[in-house]
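> below is the structure, and that's it, no one-letter string:
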């Protein structure tokens, strides 16, 4: 099997990137919440317990899981990787800390880049810059965002928030230097492009994140125009994809309100079967009261001009994917809003029709049950009281404990980045 191969969001999942929330979550202070899009500081032990259940369910379903911090530590064993990743920090960190990092063991260096480094001695101030010489990365558990795996290629994301830029740097280091992944073609690396000018910094720079990109088929990508992915970022992606002879032909765009609730496309739509998707109906459904504008870009055309579509579901169907929208929160407008906020539209497909969803989205689970899904709890699976046969194509929704992780503003689809999936058909 190739190191990466992703041509859909629903083909049987074979290998994926994730990251268990570690000390970086425990090191987070309230002043970091707004920039990192957390609604609260998390209780680390509870978040880790929930994440470990998520991981055990995936392993029980036969998914090979690679923790990005462990991969980073392996990669940092090579001098070339250590030099490459430390270079951007030499002018911003104190010389004693640079010397410490140069001398650190690979796992210690990886832990510093992820968990942060406190200032010594303890400062008088309470802000992030007062407390940390290297701030922690509590968002690293949301592995969907720092990279985009497309076919047998990888794209390094251009993160919108400065507090998340280092996540993309770590992703680039892993794919450049880890022996399991270093042969993967980097289609686009905006941090350090080879022979190209890096993306300019500032408020108008192109940015795009993995949560805004859904691989609907080998020929079709869905992209959210959101507060995290701007027009310049979409143009940047389109130009890179258009250069490929064997890449996708179409980009389908959905314009999202630039609001906290809708930070990425996968907060309002995720494919869950060959013929179904979970959606936030007011924004995505053809008759939704807040329906977002939809566009299609033909990557084979010279101009790559976005062409308006009647609605997003119709645009998807017109390109060979007859997806029936199942509304998160069911048909009640109040529950739709509540459960979209708690990631009710953010499901992860492990195979066609077999999905993971947060257990707090009760009305969404009821809507899935009405659409023919068997709804089961993760504990039933983990304790051996039931089995899920991925070969039978029996629609199944596995509910995950979510009290703590859901407060971090990311669902099961956000927590993992597929590296290898079977073909969907």
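In hand now; what should we look at? Because the structure is predicted, anything quoted here is derived from the model rather than measured. Residues are numbered from 1 along each chain as shown.
> who touches the lengthiest helix in the chain?
Ordering each helix of the chain by length in residues (DSSP state H) puts helix 44-60 first. With C-beta atoms under 8 Å, 6 or more residues apart in numbering as the test, helix 44-60 has contacts from 13, 16, 18, 20-23, 25-26, 65, 141, 350, 356, 378-379, 381-382, 398, 400-405, 408, 412, 415-416. Using the backbone N, CA and C atoms, a C-beta is placed for each residue, glycine as well.
> go on, stretch 85-92?
If you take C-beta under 8 Å, 6+ apart as the criterion, stretch 85-92 is touched by 76, 98, 101-102, 113, 134, 169-170, 173.
> tell me which of those is nearest to residue 361?
The shortest approach to residue 361 among these belongs to residue 170, at 30.7 Å (C-beta to C-beta).
> what's near enough to touch the closest one?
Contacts of residue 170 (C-beta under 8 Å, 6+ apart): 68, 72, 85, 113-114, 137, 140, 146.
> and these as JSON lines, adding neighbour count and pLDDT?
As requested, the contacts of residue 170 are exported to JSON lines (neighbours: other C-beta atoms under 10 Å; pLDDT from 0 to 100):
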{"residue": "68", "neighbour count": "25", "pLDDT": "98"}
{"residue": "72", "neighbour count": "26", "pLDDT": "98"}
{"residue": "85", "neighbour count": "24", "pLDDT": "92"}
{"residue": "113", "neighbour count": "26", "pLDDT": "96"}
{"residue": "114", "neighbour count": "23", "pLDDT": "97"}
{"residue": "137", "neighbour count": "25", "pLDDT": "95"}
{"residue": "140", "neighbour count": "27", "pLDDT": "96"}
{"residue": "146", "neighbour count": "28", "pLDDT": "97"}
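> on that earlier part again, in helices, which of the contacts of helix 44-60 fall?
23, 25-26, 378-379, 381-382.
> who wins on neighbours among those residues?
In terms of neighbour count, residue 25 stands highest of the ones in helices among the contacts of helix 44-60 at 26 neighbours, by other C-beta atoms under 10 Å.
> residue 349 touches residue 272, doesn't it?
Yes - counting by C-beta atoms under 8 Å, residue 349 does reach residue 272; the two are 5.4 Å apart.
> tell me how far the ends of stretch 381-393 are from each other?
Stretch 381-393 has an end-to-end distance of 17 Å (criterion: C-alpha to C-alpha, to the nearest Å).
> now do the helix or strand bottoming out on mean pLDDT in the chain: distance to the chain's middle.
Ranked by mean pLDDT, DSSP states H and E, the helix or strand of the chain with the weakest confidence is helix 33-36, at a mean of 75. Remark: helix 33-36 is offset 17 Å from the chain centroid, using C-alpha atoms, centre = their mean, to the nearest Å.
> where in the protein is pLDDT low?
Residues of the chain meeting the criterion pLDDT under 70: 1, 192-204.
> need the residue closest to the centroid of it.
residue 144 (1.5 Å; C-alpha atoms, centre = their mean).
> that one and residue 263: what is the separation?
Applying C-beta to C-beta, to the nearest Å, the value for residue 144 to residue 263 is 11 Å.
> so what sits against both of these two?
What both residue 144 and residue 263 touch, as defined by C-beta under 8 Å, 6+ apart, is the set residue 211.
> how about the contacts made by the residue nearest to residue 94 when sequence neighbours are not counted?
With C-beta to C-beta, 6 or more residues apart in numbering as the criterion, residue 94 has its nearest non-adjacent residue at 6.6 Å, and that residue is residue 133. Neighbour list for residue 133: 93-94, 97, 117-119 [criterion: C-beta under 8 Å, 6+ apart].
> can you pull out the strands in the stretch 251-400 of the chain?
For the stretch 251-400 of the chain, strands defined by DSSP state E, counting those that start in this stretch occupy the ranges 269-273, 276-279, 294-298, 307-309, 324-327, 348-351, 354-358, 374-377, 396-400.
> with respect to residue 32, which of the contacts of residue 170 is nearest?
residue 137 (10.3 Å).
> for the closest one, give me its contacts.
24, 113-116, 164, 166-167, 170.
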